[in-house]
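In: Provided below for reference: sequence and predicted model.
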Amino acid sequence: MLKWKKFRLGFLETNCYVIYDTETGNGIIVDPAIPSEDVKKYIEKEGVKIQYIINTHGHFDHIGGNSYFRDLTGAKIAIHREDAHMLTDPLRNHSEWTGVGVISPAPDIIFDNEEELNMQGITLKIIHTPGHTRGSICILVNNELILTGDTLFYDSIGRSDLPESAPEKMKKSLDKIKKLSPHLWVLPGHAAPAKLAVILEKNPYLV
Ligand SMILES: [Zn+2]
Ligand SMILES: [Zn+2]
């Protein structure tokens, strides 16, 4: 059975998710904003074997815990090609303005398009959804959940007026999500999760 838990981390209140299969223990961390004892304790308590640390995009508030969790778990860091450079560049990942430059290790896995990652018990389908950043992705998990990062929130969408944004691509990216099953749980990068069916009804950007 697939199990997920949300942790709200860092001063931008980023949602970090631990998702795992209760049978095999295989799991992933998505968007570790900062090093977190709470997440560490949860992983240990549940006996989760973290295989991948996946960043929905390269902004500092989604990658600040990469280094910590890679050291802790030995998992591989994965991000889309078009955001990969942001991991190691505090100027590009916007951490410089906070006064504390965030640097992640370089990625072990680079997504180019719509690839799949398979673990026993968990299938991840990567959907490239440029807009908020050029390398933003959504992650479909077992056709039950979709992690949308800063592309889609409950009642709004992510900014696309930043230097690394691709505003002209946002609409097409949202169209990709709209076509998915309304039964999916949407786990966004900030604020509350909801069923896609509810978001399709409430979110003015999807009408
Ligand atoms: Zn962002
Ligand atoms: Zn964010």
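Out: On my side now, so go ahead. Numbering: from 1, shown residues only. Ligands and ions are numbered 1, 2, ... in the order given.
In: What sits closest to the spatially most central residue of the chain if chain neighbours are left out?
Out: The centroid of the chain falls nearest to Thr56 when counting by Cα atoms, centre = their mean (3.3 Å). Residue nearest to Thr56 in three dimensions, not counting chain neighbours: Gly149, with 2.7 Å by Cβ to Cβ, 6 or more residues apart in numbering. To be clear about C-beta, it is placed using only N, CA and C from the backbone, and glycine gets the same treatment.
In: can you count the residues close to the one you found?
Out: Neighbours of Gly149 under the rule other Cβ atoms under 10 Å: 28.
In: residues contacting the residue nearest to the centre of the chain?
Out: 30-31, 62, 136-139, 147-151, 189 (Cβ atoms under 8 Å, 6 or more residues apart in numbering).
In: Look up how far Ser160 lies from it.
Out: If you measure Thr56 against Ser160 using Cβ to Cβ, to the nearest Å, the figure is 15 Å.
In: now Thr14
Out: The value you get for Thr14 to Ser160, if Cβ to Cβ is used, is 18 Å.
In: out of these two, which sits in the more crowded spot?
Out: Thr14 (25 against 21).
In: just checking, that one touches Val30?
Out: No. The pair Thr14 and Val30 does not pass the contact test of Cβ atoms under 8 Å, sitting 10.4 Å apart.
In: got the residues of this structure near ligand 1?
Out: With Cβ under 5 Å from the ion as the criterion, the chain meets ligand 1 at residues His59, Asp150.
In: Show me which residues of the chain sit near ligand 2.
Out: Asp61, Asp150, Gly189.
In: mind listing the helices for this protein?
Out: With helices called from DSSP state H, the chain shows them at 37-46, 66-73, 170-178, 196-202.
In: can you list the ones you listed in CSV and add mean neighbour count and mean pLDDT?
Out: Listed next are the helices of the chain as CSV, based on neighbours: other Cβ atoms under 10 Å; pLDDT from 0 to 100:
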stretch, mean neighbour count, mean pLDDT
helix 37-46, 14, 98
helix 66-73, 19, 98
helix 170-178, 17, 97
helix 196-202, 16, 96
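In: Just the pLDDT for the residue nearest to the centre of the chain.
Out: Thr56 carries a pLDDT value of 98.
In: Look up how far Ile146 lies from it.
Out: Counting by Cβ to Cβ, the gap from Thr56 to Ile146 is 11 Å.
In: any common contacting residues for the two?
Out: Cys138, Ile139.
In: How about the contacts made by the nearest residue to Ala78 once chain neighbours are set aside?
Out: Computed as Cβ to Cβ, 6+ apart, the closest residue to Ala78 that is not its neighbour in sequence is Ile109, at 3.9 Å. Ile109 makes contact with Tyr52, Lys76, Ile77, Ala78, Ile79, Leu117, according to Cβ under 8 Å, 6+ apart.
In: quick one: which of the residues you listed is most hemmed in?
Out: The most crowded member of the contacts of Ile109, judged by other Cβ under 10 Å, is Ile79 (28 neighbours).
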